[in-house]
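Colleague: Have a look; sequence and predicted model below, questions after that.
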Amino acid sequence: MNVTFTENDRTILESYKMMIEGLANYLGSGYEFVLHSLENLNESVVKIINGHHTGRQIGAPVTDLALSMLSKLQRDGERGYISYNVKNKKGEPLKATTILIKGDNNKNIGLLCINFYLNTPLSELISNLSNSSDSAETYASETFVENVEELISQAVSQVQKEVEMDESVSHLLKNKVIVTMLYHQGIFQFKDAVVKIANILGISKNTVYMHLRAINSSDSKQK
């Protein structure tokens, strides 16, 4: 039942390792994340986080339940995930989900299993949600918008306010500094960002391009 992998299959599966690290960091220690490779069922676990919930580690074989869930998902044909309740070796309850991972030619190459330890103390869950601090300084600023135009407009507006409040920036350099800050925020990756930003700032697009060339030239020298 082992699956023959291509290099692209391995690359796809490898990309999931960082994803589950991020999810584990976000959701906290009450969640176990297990990444199975179907290339070798005898050592299917290629990544595991918070494995103490089920007592497993990298190199562990696929479980009989995981194989059963895989069979159900393959029979279903459409839905690529399934959720269920299960108990670990100690008889402790887990809320689990198994998600199929697809590779080349839509073949099944892996399983992502997420197990939530239902006996996780409420205080631990709350601590994770609040990041152990109620300080406003722990909250990052993020702009939620409906379209790119609104995102660019709000980004320019925010940067303009910051530059206007900075008394060390002369009037002649304000637009250059604004363009530089927007560049480092990645705003110019959006299509037509140069034209839109030029219009908001009331300068020509050639002026914006001039500032961008200066930034790229400076970055190249630093390298």
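Modeller: That came through fine.

Colleague: Helix or strand with the lowest mean pLDDT in the protein?
Modeller: helix 122-129 (a mean of 80; mean pLDDT, DSSP states H and E).

Colleague: show me the residues around the closest residue in space to residue 120 that isn't next to it in sequence that make contact.
Modeller: Ranked by Cβ to Cβ, 6 or more residues apart in numbering and with sequence neighbours excluded, the top spatial neighbour of residue 120 is residue 30, at 3.5 Å. Where C-beta positions appear, they are placed from N, C-alpha and C, glycine not excepted. For residue 30, the contact set (Cβ atoms under 8 Å, 6 or more residues apart in numbering) comprises 50, 116, 117, 120, 124, 125, 128.

Colleague: Would you mark the buried spots in the least confident helix or strand of the chain?
Modeller: Along helix 122-129, these residues count as buried under the neighbour rule (16 or more other Cβ atoms under 10 Å): residue 128.

Colleague: Could you check how far residue 11 is from residue 34?
Modeller: As defined by Cβ to Cβ, to the nearest Å, residue 11 lies at a distance of 20 Å from residue 34.

Colleague: which one of these two has more residues nearby?
Modeller: residue 34 (28 against 11; other Cβ atoms under 10 Å).

Colleague: pretty sure the more buried one contacts residue 51?
Modeller: Yes: look at residue 34 against residue 51 with Cβ atoms under 8 Å: they come within range, at 7.5 Å.

Colleague: Quick check: buried residues in stretch 170-181?
Modeller: 175, 176, 177, 178, 179, 180, 181.

Colleague: Test for you: state the pLDDT assigned to residue 131.
Modeller: For residue 131, the model assigns a pLDDT of 63.

Colleague: Now render the contacts of residue 30 as TSV, adding distance to residue 193.
Modeller: Shown next, in TSV, are the contacts of residue 30 (distance: Cβ to Cβ, whole Å):
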residue	distance to residue 193
50	41
116	41
117	45
120	44
124	43
125	41
128	37
